[in-house]
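Colleague: Below is the sequence, then the predicted model.
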Amino acid sequence: MPAQPDAPTSAELLARVLASLDDDKAEEIVQIDLRGKSSIADYMVIASGRSSRQVAAISEKLAERLKEDYRLSCKMEGKDTGDWVLIDAGDVIVHVFRPEVREFYQLEKMWMPAGAAAR
């Protein structure tokens, strides 16, 4: 029986999330450091997919990879419609949007410090 992996640090989890999003061709990936600003998570990641189908696929693959790599079961909301999927991976919260839905809600503006450049 393989050894149980240790729980990832929030930085390791963030790195895996970003790699997964990049692998699946998510666009306009932004990471926001929430440490010291919110108790909900250490990081928030916002990304876009070109269509509802891609948004759902990106989200599903991310959840699968986190489960495989860390035995982490993510809570996911919105996958059925594919306009905006929220993936709660514990220390990292991920939002995957269709571009027009992302533009409407503008989450980055709510969470990023004024004048900060997106990474």
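Modeller: Looks like it arrived, so ask away. Numbering: from 1, shown residues only.

Colleague: all contacts plus neighbour counts: C-alpha atoms, from now on.
Modeller: Noted.

Colleague: what about A7, neighbour count?
Modeller: 12 (other CA atoms under 10 Å).

Colleague: got it, and the one 10 residues further on?
Modeller: Neighbours of V17 under the rule other CA under 10 Å: 21.

Colleague: Which residue is the nearest non-sequential neighbour of it?
Modeller: Excluding its sequence neighbours, the residue lying closest to V17 (CA to CA, 6 or more residues apart in numbering) is L62, at 6.8 Å.

Colleague: Could you confirm that neighbour falls within a helix?
Modeller: Yes: with DSSP: H, G, I helix; E, B strand; the rest coil as the criterion, L62 is part of a helix.

Colleague: all strands for the protein, in order.
Modeller: 27-33, 43-48, 75-77, 84-88, 92-97 (DSSP state E).

Colleague: Single out the most deeply packed of the ones you listed.
Modeller: strand 92-97 (a mean of 25; mean count of other CA atoms under 10 Å).

Colleague: Distance check, K25 against D91.
Modeller: Per CA to CA, to the nearest Å, K25 is found 23 Å from D91.

Colleague: quick one: contacts for I58?
Modeller: L21, D24, A26, G49, V96 (CA atoms under 8 Å, 6 or more residues apart in numbering).

Colleague: For the residues you listed, which two are the farthest from each other?
Modeller: Maximum pairwise distance in those, criterion CA to CA, is 11.8 Å, between D24 and V96.

Colleague: Give me the neighbour count for the closest residue to G82 other than its chain neighbours.
Modeller: Nearest non-adjacent residue to G82, counting by CA to CA, 6+ apart: S52, 4.3 Å away. Neighbourhood size, S52 [other CA under 10 Å]: 21.

Colleague: for E103, same thing?
Modeller: 11.

Colleague: The one 5 residues further on now?
Modeller: Using other CA under 10 Å, E108 has 17 neighbouring residues.

Colleague: Any figure for the gap between it and R16?
Modeller: Taking CA to CA, one finds E108 at 21 Å from R16.

Colleague: and the residue nearest to G82, what pLDDT?
Modeller: If you check S52, the pLDDT there is 96.

Colleague: Quickly note the distance from it to D33.
Modeller: Here S52 is placed at a distance of 27 Å from D33 (CA to CA).
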